[in-house]
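> sequence and computational prediction follow.
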Amino acid sequence: MPTARLELIQRDREALKRAVELMRKERGVRREQIEQKLRDQPWEEAARFAAYHRQFTRLHLKPWQFAPCWIDPDDIEDILAGGDDGQQYGAALLLKRMLAAGLSRFEPDPEAALEQAKKSGEAA
């Protein structure tokens, strides 16, 4: 998992908070896992893990596929130019759509958030 520390903006913090809360609502080992991480690691690190977990689950990713939260926004165009590699390409494509819609790359449910943004845009 990439560990580069990037400055978080407000929408990122809000998305990370939602990811943590959603993971806390899960049952069993996942709930225990996030509670342990929140005790043992800096909040941002634990929250990034929660965002990854939620994206991995909601997007039904394979173990070798990247989640959008793992893609550096500055790398999107280079990844897309390289073609579909079965690992990063799909995440970069989704992240590009997310950022264009004003969403955070840490959005815990990217597809639902994109759908909501689309509906909000149509209502405006």
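Done, it's in.
> every contact and neighbour count from this point should use C-alpha atoms.
Will do.
> tell me the contacts of the nearest residue to residue 83 once chain neighbours are set aside?
If the residues on either side of it in the chain are set aside, residue 83 comes closest to residue 89, at 6.8 Å by CA to CA, 6 or more residues apart in numbering. Neighbouring residues of residue 89 by CA atoms under 8 Å, 6 or more residues apart in numbering: 79, 80, 83.
> which of those are buried? Put it as a PyMOL command.
To isolate the buried ones among those in PyMOL, judged by 16 or more other CA atoms under 10 Å, type:
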select buried, resi 79+80
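> what pLDDT does the most centrally placed residue in the chain get?
Nearest residue to the geometric centre of the chain (CA atoms, centre = their mean): residue 106, 3.2 Å. On pLDDT, residue 106 comes in at 98.
> residues contacting it?
Taking CA under 8 Å, 6+ apart, one finds 12, 15, 16, 19, 48, 51, 52, 68, 69 in contact with residue 106.
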